[in-house]
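Student: Provided below for reference: sequence and predicted model.
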Amino acid sequence: LNPTYLVELRRLCPQNGNGTVLVNFDVVTPDAFDSQYYTNLRNGKGLIQSDQELFSTPGADTIPLVNQYSSDMSVFFRAFIDAMIRMGNLRPLTGTQGEIRQNCRVVNPRIRVVENDDGVVSSI
């Protein structure tokens, strides 16, 4: 992480400070939808550590993507469009076909649903 940026973040968000403080993901063009965030990663100014690791991890296969998106906004926009189309084509499970996890890291325990003679459904 860029040392100057780290000092700024620590000033804005000190330990045990106000937990409601908001910081822009992109300090250069915070109100624009563009590829500046990738340039920020190249400059060591990624707000989220996992994002910064896309560029800062030696040998990471994501480094060429960060470089490409940073240097050519049209490549970034094409990749974004393709990703949105793929996400839009996902068919999420609904109703009894799927479930909402109570803990995103663990599959919910299987429960048996029983319907009694009154038509009342209960979980066992």
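Tutor: Right, received. Where do you want to start? Just so we're clear, the structure is a prediction, and the values are computed from it rather than from any experiment.

Student: Low-confidence bits of this protein, can you list those?
Tutor: For the chain, the stretches with pLDDT under 70 are 112-124.

Student: those strands in it, which residues are they?
Tutor: Ranges of strands within the chain are 113-115, 121-123, based on DSSP state E.

Student: T57 and L41, how far apart?
Tutor: Distance, T57 to L41, using CB to CB, to the nearest Å: 11 Å. The way it works is simple: take the backbone N, C-alpha and C, and place the C-beta from them, glycine included.

Student: In this protein, spot the helix with the most residues.
Tutor: helix 73-88 (DSSP state H).

Student: Which positions within that one qualify as buried?
Tutor: Of the residues in helix 73-88, those with enough neighbours to count as buried (16 or more other CB atoms under 10 Å) are F76.

Student: still on that earlier bit, of T57 and L41, who's got more company?
Tutor: Remark: of T57 and L41, L41 carries more neighbours, 24 against 11, as counted by other CB atoms under 10 Å.

Student: Contact partners for the closest residue to T29 other than its chain neighbours?
Tutor: Leaving aside its sequence neighbours, T29 sits nearest to Q36 (CB to CB, 6 or more residues apart in numbering; 4.6 Å). Residues in contact with Q36, defined by CB atoms under 8 Å, 6 or more residues apart in numbering, are 26, 28-29.

Student: V66 too?
Tutor: Here V66 is in contact with 38, 41-42, 54-55 (CB under 8 Å, 6+ apart).

Student: Phi and psi next, for G17.
Tutor: phi -90, psi -170 (degrees, to the nearest 10).

Student: what's the burial count for it?
Tutor: Residues within reach of G17, counting by other CB under 10 Å, total 11.

Student: tell me the contacts of it?
Tutor: With CB under 8 Å, 6+ apart, G17 has no contacts at all.

Student: can you tell me how far it sits from L9?
Tutor: 11 Å.
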